[in-house]
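A structural model of the following input is requested.
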Amino acid sequence: MTVSDPPRPDESVPAADEPTPVEPPRKRGATGAFFVALGILATKLFGIVRQAFIAKYLGATAAADAFNAATRIPNLLQNLFGEGALSASLIPVYARLRAQRDDAEAGRVAGGVLVTLAIVVTTLVVLGILFTPQLLPIVAGGFKGETRAMAIDFVRIVFPGIGIFVIGAWCLAILNSHRRFFVSYAAPVAWSVVMIAALVWYGPRQTVPQVARTASWAFVIGAIAQVLVQVPSVVGLVAKDIRIATQWSNENVRTVLRNFIPVGVSRGIVQISNYVDILISSFLPQGTLSLLTYATTISYVPVSLFGIGISAAELPEMSSVLGSADERDRQLRERLNAGLRQIAYFVIPSALAMVAAGDLMAAALFEHGKVSPQGTLFMWGILAGSAVGLLASTSGRLYSSTFYALHDTRTPLNFACVRVALTSILGFLFAIPLPRLLGIDGHWGGAGLTISFGIAGWSEFILLRRSMNHRIGVTGLAASVAWKLWGAALIAGGVAFGLKQIIHIRSSIISAVIVLGVFGFVYLGATIAMRVPESRVLLRRLRLVR
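Here you go, the predicted structure:
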């Protein structure tokens, strides 16, 4: 399912002295966000099932730590050249050209970026495979012996898959520029399906290390499947205009590449905080890295659905805003503030739900096979820690998208540096010395990591908002709305926590469904009673779906 492009007259292209096309209606941005969220929802549901099978067959073992580290280490390429960086640099230029009806130039830009991306990523993948043993101690220095050997093996297997994902990110940027959101964000379902099938078939038949190696190969095959799902739609959109050549002399291509450098560095710097997590986790008790990976699968759902979903839908819309400086600032303020309200409406209750019922979430999804009840308790702590910065992280993504739409890639980069510095310092202190000082199990260091990430996220968010306010005027979530949303979420969280104490059902899945269902019902009822506009919008959408 895709959203159709707006009608485009074939017979004329605006002359240089004629007014450029007007901004697309805001309704299209909201519809785009809906389809992004729908695609991400499908992806995350299958992703959770995938992680549940990984937990079932790998648990919190040394092989699980090696596999989870291996699938995150090459992610540097995906973050440097993948979805976020490529979208932030390519979409503003490509979408502007399409808004000006210059499809031929848009095709040259798309082809030039694709060729450049393929050359650079292929080179880096080859280097990554060759120098994996030298790379591993930098990001997972705590791995020793068999765990280290498995991690090296697995990293070399998955590296090509990350390169394939980067090409898939180019497909996503093109589809998003054409407002074809669902296919691009639902495509990872194909990746998850391949991995799930491999785990279901080989899981009962192989040893734990063998299953981890099989899953690494499935990772690569799934990446291929994810790209192939997008190819037909992309070909249908750009086949007529695309020009496959380096195009390095083309000014628009050079603009994309110039913007790509600070955005890529920014994404790379943010990724460093993830590598800090891996590095610190490798010095924590065995299994901590795996428990952190499983828990963040849950906490990343609201970030993806609402932070990425709304930001991704708004980027091409904001990039297409034209007019005088004052008019453009006004439209950007309106779009940004509306997006922040949408994000807050869903993310605030998500954070409270993780605090009130994170143990039920973890038990329902991962307490099977090789994950123990104690592991579930540690995951609850990690989820509660993630709740600290959940709103800041999701809202910060929308602010960054607004900067990218303004062709300002350096401001988010500067603030990302601050965030990473705080994450590194606080992460070490909260994860290693603090548990020892408190005399508690070292596994609680995983919760310390997510708390530090949240504090750093709030610092970055405040800096982004302050800088944007100086640029386009006052933005942000109104205090009256924030109080209503936090109040409704606290009421729902209190009811859910109390219900959790009194129900005694042996099935953790049924318990989670009941408790979280009551939480959602109470939150929706409270926001309706408080006359929060987004609650009415949600009701209308639910009626539309039915």
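
Surely Arg471 is in contact with Ala405?
No - between Arg471 and Ala405 there is no contact under Cβ atoms under 8 Å: 11.6 Å. C-beta coordinates here come from the backbone N, C-alpha and C atoms, glycine included.

more crowded one of these two?
More crowded of Arg471 and Ala405, by other Cβ atoms under 10 Å: Ala405, with 25 against 15.

Who are the contact partners of that one?
Ala405 sits next to Pro92, Glu314, Leu315, Met318, Ser319, Val321, Leu332 when contact means Cβ atoms under 8 Å, 6 or more residues apart in numbering.

Would you mind giving me the confidence score for it?
Here the pLDDT value assigned to Ala405 is 82.

Distance of it relative to Ser89?
Look at Ala405 and Ser89: by Cβ to Cβ, to the nearest Å, they are 12 Å apart.

and what of Glu146?
Look at Glu146 and Ser89: by Cβ to Cβ, they are 41 Å apart.

Helix or strand: which one has Ser452?
helix 445-472 (DSSP states H and E).

For that helix, buried residues please.
Across helix 445-472, burial judged by 16 or more other Cβ atoms under 10 Å covers 445-461, 463-465, 467-468, 472.

I'd like to know which elements it is packed against.
Packed against helix 445-472, as judged by 3 or more Cβ pairs under 8 Å, 6 or more residues apart in numbering; DSSP states H and E, are the following elements: helix 251-281, helix 288-302, helix 325-366, helix 373-387, helix 390-405, helix 410-431, helix 433-438.

Average pLDDT for the helix or strand just after it, rounded please.
Next helix or strand after helix 445-472 toward the C-terminus (DSSP H and E): helix 479-502. For helix 479-502, mean pLDDT rounds to 93.

So what touches helix 479-502?
341, 344-345, 348-349, 351-353, 355-357, 360, 511, 514-516, 518-520, 522-523, 526-527, 530, 532.

Give me the angle between that helix and helix 325-366.
0 degrees (axes from the mean of the first three to the mean of the last three Cα atoms, to 10 degrees).

What count of nearby residues applies to Trp201?
12.

My read is that Leu199 contacts Ala52, right?
No - contact criterion Cβ under 8 Å: Leu199 and Ala52 do not qualify, at 9.5 Å.

so which helix or strand takes in Asn68?
Asn68 belongs to helix 62-72, assigned by DSSP H and E.

I'd like to know which elements that helix is packed against.
Packing contacts for helix 62-72, counted by 3+ Cβ pairs under 8 Å, 6+ apart, involve helix 26-58, helix 145-177, helix 208-238, helix 251-281, helix 288-302.

where's Met195 relative to Tyr294, distance?
Met195 sits 15 Å away from Tyr294, going by Cβ to Cβ.

what stretches of the stretch 51-200 of the chain score poorly on pLDDT?
The stretch 51-200 of the chain contains residues with pLDDT under 70 at 73-85, 88, 138-141.

winner for burial among the helices and strands packed on helix 62-72?
helix 288-302 (a mean of 26; mean count of other Cβ atoms under 10 Å).

Please name every helix or strand in contact with that helix.
Helices and strands touching helix 288-302, by 3+ Cβ pairs under 8 Å, 6+ apart, are helix 26-58, helix 62-72, helix 251-281, helix 325-366, helix 373-387, helix 390-405, helix 445-472.

wait, doesn't Asn68 sit right on Leu289?
Yes - counting by Cβ under 8 Å, Asn68 touches Leu289, with 5.6 Å between them.

got the helices and strands packed on helix 445-472 as JSON lines, with distance to Gln226 columns?
Output for the helices and strands packed on helix 445-472, formatted as JSON lines (distance: least, Cβ to Cβ, whole Å):
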{"stretch": "helix 251-281", "distance to Gln226": "19"}
{"stretch": "helix 288-302", "distance to Gln226": "18"}
{"stretch": "helix 325-366", "distance to Gln226": "22"}
{"stretch": "helix 373-387", "distance to Gln226": "26"}
{"stretch": "helix 390-405", "distance to Gln226": "22"}
{"stretch": "helix 410-431", "distance to Gln226": "27"}
{"stretch": "helix 433-438", "distance to Gln226": "38"}
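
Considering these, which stretch scores lowest in mean pLDDT?
With a mean of 72, helix 251-281 has the lowest mean pLDDT of the helices and strands packed on helix 445-472.

So for the closest residue to Gly142 other than its chain neighbours, what pLDDT did the model give?
Spatial nearest neighbour of Gly142, chain neighbours left out: Ser282 (3.0 Å); criterion: Cβ to Cβ, 6 or more residues apart in numbering. Note for Ser282: predicted pLDDT of 76.

And for Ser282, the neighbour number?
By other Cβ under 10 Å, the residues close to Ser282 number 23.

quick one: it and Leu292 touch, right?
No - contact criterion Cβ under 8 Å: Ser282 and Leu292 do not qualify, at 11.0 Å.
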